[in-house]
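In: coordinates only, sequence not included:
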Ligand SMILES: O=P(O)(O)OC[C@H]1O[C@](O)(CO)[C@@H](O)[C@@H]1O
């Protein structure tokens, strides 16, 4: 379903020694014995997702679509990127009529954004889904303070019917608040960290509310769970992890994830959090960056071709485009583009990929390609699971716990001290 190719020889990457390591990691992962194994709930999540649980999420999404024109989803990091990635990947670029809309908030702290958001939704019915595993993250909590007040001012006691909370089952300020106000609740499972949570209620409720087929998304991930669990040199999740580690050891410490599909730009953002937070520890890890082509060939392309040689590039190539245009023959050929007549714009990009990849390779940038057959719920579900699984292998090869993020506390503590948050004054 997904194929991984490499500009070098993959057989030289997976040496006997590497294979032994991967063998050990495979067992650690599936026998839940590696570092952070208490956060492996995502590994068999697709096969455990019951019809009734999915049905409950679907019904809630339908209720939201009946009661509102806009769903505001409040969350940051893993509590928003998965849903945003899937919704952006599957939505049309332009919406002609004002159809049901999912808008994100709490992914930053910005007064103008929140103020304008409240003005923007005036006159349209609103529902809120606030998502935070810890229930204490400052950015979504701040956004919720404003938006909860907005909902109460607008809907009075009925506001509670329009607010949906996705958080831990047992702890956190958000849980206490949800119980006190009687908001409908969904659970972020204990054993699934934020950046691995796209297939839980964290991702599925907003995705279903946006009108996408969450059953197909989970089915795709289920297929990946089955097909990628093999300990085999042909397993693309193992191949991608082995390639990353090999290139890292060769000094290529930055990975540029490239796509020709603007619709995939939030899949790139999701991938950056997944890999950056999972691997960037103990002064180790590949720094994940992303580019969208051909746009960025006219900006970062120069650096990738000729800059410092510590980069490798991973292309996400979409084999089939659902919606496309063919270049037509112009009578006067004034723009001198008739040589492209009959070529679709997707075909143009496939050729642009070949040309770019060869140029960057000749400039000393190793090339990896991951081919995605199609952009729909099923294939995206497969793709996201592939990345999560491969990330776990990747981090374990660095001897890193893929499931914690101790480093994110340092800046938070400083901000809290500066703002004199109770308990942080000294
Ligand atoms: O869901 P929460 O607890 O609000 O956390 C949001 C994000 O913040 C982080 O904890 C980093 O601060 C991420 O790991 C997480 O995805």
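Out: Yes, it's here. Every value quoted in this text rests on a predicted model; they were computed, and no experiment measured them.
In: rest of the way, CA atoms for contacts and neighbours
Out: OK.
In: residues contacting residue 282?
Out: Neighbouring residues of residue 282 by CA atoms under 8 Å, 6 or more residues apart in numbering: residue 400.
In: near the ligand, which residues of the protein are found?
Out: Residues of the chain found near the ligand (CA under 6 Å from any ligand atom) are 76, 77, 78, 79, 132, 133, 134, 135, 137, 194, 195, 408.
In: residues near the first one, how many?
Out: The one in question is residue 76. Residues within reach of residue 76, counting by other CA atoms under 10 Å, total 20.
In: which residues touch it?
Out: Going by CA under 8 Å, 6+ apart, residue 76 touches 106, 107, 108, 132, 139, 140.
In: would you mind giving those residues as a markdown table with secondary structure, distance to residue 179 and pLDDT added?
Out: Below are those laid out as a markdown table (DSSP: H, G, I helix; E, B strand; the rest coil; distance: CA to CA, whole Å; pLDDT from 0 to 100):
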| residue | secondary structure | distance to residue 179 | pLDDT |
| --- | --- | --- | --- |
| 106 | coil | 21 | 98 |
| 107 | coil | 24 | 98 |
| 108 | coil | 26 | 98 |
| 132 | strand | 15 | 97 |
| 139 | helix | 21 | 97 |
| 140 | helix | 18 | 97 |
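In: quick check, nearest of those residues to residue 182?
Out: Lowest distance from residue 182 to these (CA to CA) belongs to residue 132, with 17.1 Å.
In: the closest one bridge partners, please.
Out: In this structure, residue 132 bridges to residue 167 when assessed by DSSP bridges.
In: residue contacts, it?
Out: 75, 76, 79, 140, 166, 167, 168, 174.
In: can we see that at 10 Å?
Out: Listed by CA atoms under 10 Å, 6 or more residues apart in numbering, the contact set of residue 132 reads 74-80, 138, 140-141, 165-168, 172-175, 187-188, 194, 202.
In: distance from stretch 66-80 to the middle of the chain?
Out: 16 Å (CA atoms, centre = their mean, to the nearest Å).
In: average pLDDT across it?
Out: The pLDDT scores in stretch 66-80 average 98.
In: of the contacts of residue 132, buried ones?
Out: Neighbour-count burial (16 or more other CA atoms under 10 Å) applied to these gives 74-80, 138, 140-141, 165-168, 172, 174-175, 187-188, 194, 202.
In: which of the residues you listed fall in strands?
Out: 74, 165, 166, 167, 187 (DSSP state E).
In: any chance of the residues you listed in CSV, plus distance to residue 114?
Out: Output for these, formatted as CSV (distance: CA to CA, whole Å):
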residue, distance to residue 114
74, 11
165, 19
166, 21
167, 22
187, 26
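In: right, and residue 173 touches residue 165 too?
Out: No: using CA atoms under 10 Å, residue 173 is not in contact with residue 165, being 11.6 Å away.
In: shared neighbours, these two?
Out: Common neighbours of residue 173 and residue 165 (CA under 10 Å, 6+ apart) are 132, 135.
In: quick check: residue 198 is in a helix.
Out: No: under DSSP: H, G, I helix; E, B strand; the rest coil, residue 198 falls outside any helix and is assigned coil.
In: and it, how many neighbours?
Out: Residue 198 has 29 nearby residues by other CA under 10 Å.
In: which residues does the closest residue to it other than its chain neighbours contact?
Out: Nearest residue to residue 198, sequence neighbours excluded (CA to CA, 6 or more residues apart in numbering): residue 82, at 4.8 Å. Residue 82 makes contacts with 88, 194-199, 202-204, 206-207, 266-267, 269-271, 274, 384, as judged by CA under 10 Å, 6+ apart.
In: if we can go back for a sec, nearest to the ligand among the ones in strands among the buried ones among the contacts of residue 132?
Out: The nearest member of these to the ligand, counting by CA to the nearest ligand atom, is residue 167 at 7.5 Å.
In: that closest one against residue 188, yeah?
Out: Yes: between residue 167 and residue 188 there is a contact at 5.1 Å, judged by CA under 10 Å.
In: common neighbours of these two, please.
Out: What both residue 167 and residue 188 touch, as defined by CA under 10 Å, 6+ apart, is the set 79, 131, 132, 133, 134, 201, 202.
In: surely residue 400 meets residue 35?
Out: Yes: here residue 400 lies in contact with residue 35, judged by CA under 10 Å, at a distance of 7.6 Å.
In: tell me the mean pLDDT over the helix of greatest length in the chain?
Out: As assigned by DSSP state H, the longest helix anywhere in the chain is helix 377-397. The predicted model assigns helix 377-397 a mean pLDDT of 98.
In: by contact count, what packs against it?
Out: If you count contacts as 3 or more CA pairs under 10 Å, 6 or more residues apart in numbering; DSSP states H and E, helix 377-397 packs onto helix 16-30, helix 81-90, helix 214-227, helix 236-249, helix 265-279, strand 367-372.
In: which element follows it toward the C-terminus?
Out: Counting by DSSP states H and E, the element after helix 377-397 in chain order, helix or strand, is helix 409-418.
In: residues contacting the residue in the stretch 151-300 of the chain positioned nearest to the ligand?
Out: For the stretch 151-300 of the chain, the residue closest to the ligand is residue 194, as judged by CA to the nearest ligand atom, at 4.1 Å. With contact set as CA under 10 Å, 6+ apart, residue 194 has these partners: 76-82, 132-134, 188, 200, 202-203, 273-274, 403.
In: before we move on, back to that, closest one to residue 376 out of the contacts of residue 76, please.
Out: Comparing the contacts of residue 76 against residue 376 with CA to CA places residue 107 closest, at 25.5 Å.
In: nearest spatial neighbour of the closest one, chain-adjacent residues omitted?
Out: residue 76 (4.4 Å).
In: which residues does residue 74 bridge with?
Out: residue 105, residue 130.
In: show me the contacts for it.
Out: Taking CA under 10 Å, 6+ apart, one finds 80, 103-107, 128-132, 139-144, 147, 165-166 in contact with residue 74.
In: show me the two of the contacts of residue 76 that sit farthest apart.
Out: 108 and 132 (13.8 Å).
In: next, show the common contact partners of the two.
Out: Here residue 108 and residue 132 have 75, 76, 77, 138, 140 as joint contacts, going by CA under 10 Å, 6+ apart.
In: and the pLDDT at the residue nearest the centre of the chain?
Out: Taking CA atoms, centre = their mean, the centroid of the chain lies closest to residue 270, which sits 2.6 Å from it. What the model reports as pLDDT for residue 270 is 98.
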